[in-house]
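# sequence-free structure coming up:
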Ligand SMILES: O=P(O)(O)OC[C@H]1O[C@H](O[C@H]2O[C@H](CO)[C@@H](O)[C@H](O)[C@H]2O)[C@H](O)[C@@H](O)[C@@H]1O
C-alpha cells in the first residue's frame, strides 16, 4: 500500500546544458508573467568554504603564536599586510556541495552565508588532507598540527568589517575556472562561541546526527545526558543564520538552506520574509518515522523545515520517510501533489541525489604525485589482491562490521589467506570515540594474529588522514572497493573510486545498501552490512569477477557518476525551486488583516454583518468533534457583537443544529446556519428553517452504508450523522491508513454515487462529508445579504474549503464597480411560501473596501479571501475588540 503521491522526481539523466536551459526558460517565463526574480541565489551553509585566519597584527588583544608562512594559502590568497590582519584559505570537506554551489556561478550571482568557524591565528601549514572523507573542517583540522584558534566573540567590529570586505573579494578555484562566471560573495555569520559549539558538537553531532543515522542516543554516548540538552544553542544559531540571511536578502532571490545543522532556518526565514522562495536540502539520511518520533523536539524540527517551499532529499526513500513523519507525528495532510499542507502553506517534497565534480576528480586522478605512490603500492602488495576501504571513524560507517566480514571471508574462503590484503584507512571523525578506535585496533590485531604470518599481514589499518595523492593512488590500485556504512546520506568516496578506476583496473565495488548512493548504483555488489556472510560472499564474488563483467558493471557505474554530477545536482536545485515559484505563485500571499482599517470601517458603518464559520475558525480543531466547544472568549465576543442592534451576526457551520444550539443557542440574537447551509435559524427566531425538506434525501442510506464499510476497516474512525448530511471522521485513526481509506472512499463516492445522486462530496479536515448539492454556505451568505442590503460592513471568516463558497459569494465587485446589485438567490426564491412571489434584485450598500473576507491559516494558503489571520485565537481577538467598540459606543450614547 502506498498512500503517498510520488514526490516530484528529478527527471532522468539530462545533460547539464539541458537543465541550465530549463532554468533559463523558467526564469524568463516567470519574468514575463510578472514574477520578480533577482537572478541571485543565496546558499545557507553551516560553514563558509573558506578558512579565515587572523595572521596579521591584530587590533584585538589576541595572543598570536609564531606565524607560519602562507605556504598553502587560499586559491587566490590576499596576503596579510600591516593594515590587513586576515588571510583566507580553502576549507576542505563537503566538496560535492561546495563544487555544486560554485558551478552555479556560471548562471547566477550568488551569496554563500555561513559560519566562519573558530578563527585560526596562523594559516594552516598544509591543507587538511582527510581526503575523500566528506568531513567538516573542524574534524579534519583537529587531526592536524593546526594553529591555535580564537573564538569569534573576541574579534572586534573593525576586524569583522575587514574580513567581510576581504571575503567579498575572495574567488575560489572553482569560480576562477568558470569563464565569465558571476560574482559569489561569502557572507560570514558571527556566532557566539559557546552557542556555536553547543550547536555543532552538541545538538548536531550528539542529537541529530545519530538519530538521522538510526542510532538512538543511549547506544552511542557513554555519558548520555538528554537528547535535548543542546536545544538552546541549536535554536540560537539557527536564529542567527536566519537573521543574517534576512539582512542580505533582496526580493526575487532564491534561497537554498543546506543540511541538518539549519533545520529551523526555513520557518524563521518564512516569518521574516513571507514571500521568499526557500528550498531546504537535507544531505543526511532522514530516518523512518518510528525513529524520528523519539526526538523530544520533533515537532519544532519538522515545523522548522516545513517553512520551506521545497524540501529536497538525497533519495526517494528519505523523502518518503519525511512525508510519513509529518503525517504521523504532526498529523499534517498530504496534498494530492505529494506536498505537506501546514495550515494552507504547502511545502513540496522532492529528491535529487548529489554527485561529485566528475571532471575535477578525473583531473585529480592524473596528478603527477599519484603514479609513484601507485607503483609503490603495487610493489608492496605484488601478487596479492588489494581490497581498499576508506571511511571516517564513526560508528555509522560500519568499520567494525567490515573487519568482521573480512575475517569471515578468510574463514569461509580460506583460499584467500595469503592472497588478499585489506587496506583500511580511517580518518578521525569529530565524534571519534576512543572506544571505537580501541575496538577497531583490537579487531585488526585479532585478524592479523589469526590469519597472518611472518610474511603476510591481512589487514593494514591506517588511522590517519591521508593526502590527496595517496587517496587517489589507493583508489586506483584497488582490486575491490568495500564501502559498507551502516547508514550514509550519500557517500562520495564510492563515486571517486569509480572515476579513479576508469584509467586503471575497472575493479568492482561492494556497497552497503543503506547509503543514499546505492539507489543509483545497481551495478555495484550491494550488501546488507550487518550480514557478515553476505558481505564476505560479495567480496569473494568481486575478487573472482571476470574482466568482461567488471568492465560491463564499471561502464554503467561510470556513466551514472559522470552524468549525475555536483553541477547537474546544483542546476536541478535551481530548477526545482523555480518550478515551485511558478506553482505556488509565491508573489501572491494573502496579507494579514489590517486591524486599523477593519476597526475604522466597523466604526463608520451603520449596519454590519458577521458571517462566521465555526470549527477551525472560532474553535481550534481538536481530536474529538464533541470537545470543540466555544471558549469563554468566543462566547464573550459573540455576546458583545450580537447585543449591538447595528450588527447581524451569523454562525455558518457544517455542524448540525443540535450542536450549535447546545453551545450557542443561549445567545438569542445570534443567527445560525447548520449543515453547510441546509438549515437556518434567524436571529431571535426560535425555530429552524429546513432548506433540504423538499430535496431527495434517499441517498443518505447509501452513503451511510459506504461509510460503515470504511469505518469497520479503519480503526478509530467514526460517522457523524446529521439531519441532511453525513460526515466520516478519521482524525483518531492511523494517519496514513486513514488518509488512504479516505481517498478510496472519496473515489467510490465521486465516481459512483455522486454521478447518479444530487450530492456533493467534500474533503474536510480529516473528514469526508456528503451533503445535498443544492445547498452550500455561499447560498446562505447571499440570502443574508439579500435581506440586509443596507449593511455597510461585512466580516466573513472561515478556514476550510466549504468556507470558500462564502468568500466566492462575496466577490460581488468587478472592475471599477463601486456598488453591487444582487439577484434574488435560490435560498430565497426556493423557499417562497407562494411560488408566484416575485423577488426583485437589490442594490447593496457595501463597497469593496468594506468587505473583510478572512481566511484562517497561513498567508500562502490558496484562498479567495482578501485577508488572513493565523488562528482562531486571532479571529476571536478581532471580534472581542470590535465588540468592545460597540460597548464603548453604547456607553457613550447612554451618557
Ligand atoms: O463548517 P465548520 O464549522 O468548519 O464545520 C466543519 C466540520 O467540523 C467538524 O469536524 C472538524 O472539527 C472537529 C473538531 O475540531 C475535528 O475533530 C474534525 O476532525 C474536523 O473535521 C464537525 O464534526 C463536522 O460535522 C463539520 O462538518
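Now that the structure is in, tell me what you want to look at. What you are looking at is a predicted structure, and each value in this text was computed from that prediction instead of being measured. Numbering: from 1, shown residues only.
# show me where the stretch 251-400 of the chain has its strands.
In the stretch 251-400 of the chain, the segments counted as strands under DSSP state E, counting those that start in this stretch are 254-258, 277-281, 310-313, 333-334, 340-342, 345-351, 385-393.
# is the ligand contacted by the shortest one?
What that stands for is strand 333-334. No: using CB under 6 Å from any ligand atom, strand 333-334 stays clear of the ligand, coming no nearer than 11.1 Å. (Glycine included, C-beta is placed from N, CA and C.)
# can you list the residues of the chain near the ligand?
613-616, 621-625, 628, 653-655, 720, 727, 729, 731, 764-767, 769, 800, 802.
# now, those residues that are in helices?
In helices, defined here by DSSP state H, the members of the residues of the chain next to the ligand are residue 802.
# so where's this structure uncertain?
1-13, 56-83, 123-147, 220-225, 429-432, 582, 584-588, 815, 831-833 (pLDDT under 70).
# what's the burial count for the residue in the stretch 251-400 of the chain that the ligand sits nearest to?
Minimum separation of the stretch 251-400 of the chain from the ligand (CB to the nearest ligand atom) falls at residue 331, amounting to 9.7 Å. Residue 331: 14 surrounding residues under other CB atoms under 10 Å.
# what residue is smack in the middle of this structure?
Note on the chain: the residue nearest the mean C-alpha position is residue 311, at 3.4 Å, using CA atoms, centre = their mean.
# what's near enough to touch the residue lying closest to that one once chain neighbours are set aside?
Once flanking residues are discounted, residue 311 sits nearest to residue 280: 4.8 Å by CB to CB, 6 or more residues apart in numbering. Applying CB atoms under 8 Å, 6 or more residues apart in numbering, we find residue 280 in contact with 256, 257, 258, 263, 265, 266, 305, 308, 310, 311, 312.
# who wins on neighbours among these?
residue 257 (31 neighbours).
# what's the spacing between it and residue 371?
Residue 257 is 42 Å from residue 371, where distance means CB to CB, to the nearest Å.
# same check, this time on residue 322
45 Å.
# so between the two, which is more surrounded?
residue 322 (26 against 13).
# distance of that one relative to residue 334?
Residue 322 is 11 Å from residue 334, by CB to CB.
# nearest spatial neighbour of residue 773, chain-adjacent residues omitted?
Residue 773's closest residue in space is residue 758 (CB to CB, 6+ apart), at 4.5 Å.
# okay but that neighbour is in contact with residue 775, surely?
No: between residue 758 and residue 775 there is no contact under CB atoms under 8 Å: 10.4 Å.
# comparing the two, which shows the higher neighbour count?
Applying other CB under 10 Å to residue 758 and residue 775 shows that residue 775 carries more neighbours, namely 26 against 13.
# got the contact list for residue 240?
189, 190, 191, 192, 195.
# what's the answer for residue 635, then?
664, 667.
# now the host helix or strand of it: buried residues?
According to DSSP states H and E, residue 635 maps onto helix 632-643. Residues 634, 635, 636, 637, 638, 639, 640, 641, 642, 643 are the ones in helix 632-643 that count as buried (16 or more other CB atoms under 10 Å).
# then stretch 380-395?
381, 385, 386, 387, 388, 389, 390, 391, 392, 393, 394, 395.
# endpoints of it, how far apart?
30 Å (CA to CA, to the nearest Å).
# for it, what is the distance to the chain centroid?
37 Å (CA atoms, centre = their mean, to the nearest Å).
# do stretch 877-889 as well
Averaging C-alpha positions (CA atoms, centre = their mean) puts stretch 877-889 40 Å from its chain's average.
# what's that stretch in contact with?
Counting by CB under 8 Å, 6+ apart, 593, 595, 598-599, 602-603, 610, 612, 633-634, 636-641, 643-644, 646-647, 795, 869 sit against stretch 877-889.
# also stretch 671-690?
Against stretch 671-690 from outside (CB under 8 Å, 6+ apart): 642, 648-657, 659-661, 664, 668-670, 691-692, 722-725, 762, 769, 771-772, 775-780, 783-784, 802, 827, 831.
# and if we set it to 7 Å?
648-657, 660, 664, 668-670, 691-692, 722-725, 771-772, 775-777, 779-780, 802, 831 (CB atoms under 7 Å, 6 or more residues apart in numbering).
# which SS class is residue 854?
strand (DSSP: H, G, I helix; E, B strand; the rest coil).
# my read: it touches residue 797, true?
Yes: between residue 854 and residue 797 there is a contact under CB atoms under 7 Å: 4.2 Å.
# those two - which one has more neighbours?
Neighbours per residue (other CB under 10 Å) separate residue 854 from residue 797, with residue 797 holding more: 30 against 27.
# domain ranges for the protein?
By the assignment in the TED database, the chain contains the domains 17-23+32-52+86-118+147-351, 358-563, 595-693+774-894, 698-772.
# indicate which one of these is closest to residue 580.
domain 17-23+32-52+86-118+147-351 (4.7 Å; CB to CB).
# state the number of residues packed around whichever residue of the chain sits closest to the ligand.
For the chain and the ligand, the shortest gap (CB to the nearest ligand atom) falls at residue 654, measuring 2.5 Å. Residue 654: 27 surrounding residues under other CB under 10 Å.
# how many neighbouring residues does the residue lying closest to it once chain neighbours are set aside have?
In space, and not counting its chain neighbours, residue 654 is closest to residue 676: 4.9 Å by CB to CB, 6+ apart. Using other CB under 10 Å, residue 676 has 28 neighbouring residues.
# circling back: isn't the residue of the chain closest to the ligand up against residue 802?
Yes: between residue 654 and residue 802 a contact is recorded at 6.1 Å, counting by CB under 7 Å.
# residue 166 falls within a helix, correct?
Yes: checked against three-state DSSP, residue 166 lies within a helix.
# may I have the phi/psi pair for the nearest residue to it once chain neighbours are set aside?
In space, not counting the residues next to it along the chain, residue 166 is nearest to residue 86; the distance is 5.3 Å by CB to CB, 6+ apart. Per-residue torsions, residue 86: phi -100, psi 150 (degrees, to the nearest 10).
# ok, residue 86 to residue 93 distance?
In terms of CB to CB, residue 86 sits 21 Å off from residue 93.
# now residue 495
Counting by CB to CB - residue 495 and residue 93 are separated by 16 Å.
# who's more crowded, these two?
Per other CB under 10 Å, whichever of residue 495 and residue 93 has more neighbours is residue 495, with 29 against 21.
# tell me which element the more buried one falls in.
helix 493-501.
# quick one: buried residues of that helix?
Within helix 493-501, the residues scored as buried using 16+ other CB under 10 Å are 493, 494, 495, 496, 497, 498, 499, 500, 501.
# wait, isn't the third one in contact with residue 353?
No: contact between residue 495 and residue 353 fails when scored by CB under 7 Å: they sit 10.2 Å apart.
# and the helix holding residue 635, how far out from the chain middle?
Taking the mean of its C-alpha atoms, helix 632-643 sits 40 Å from the chain's own mean (CA atoms, centre = their mean).
# gap between the closest residue to residue 229 other than its chain neighbours and residue 299?
Of all residues not flanking residue 229 in the chain, residue 202 sits nearest, at 6.9 Å (CB to CB, 6+ apart). According to CB to CB, residue 202 stands 20 Å off from residue 299.
# of the two, which one has the most company?
residue 202 (21 against 12).
# thought residue 717 was touching residue 734?
No: Residue 717 lies out of contact with residue 734 (CB under 7 Å); the separation is 9.9 Å.
# give the contact list for the residue of the chain closest to the ligand.
675, 676, 769, 802.
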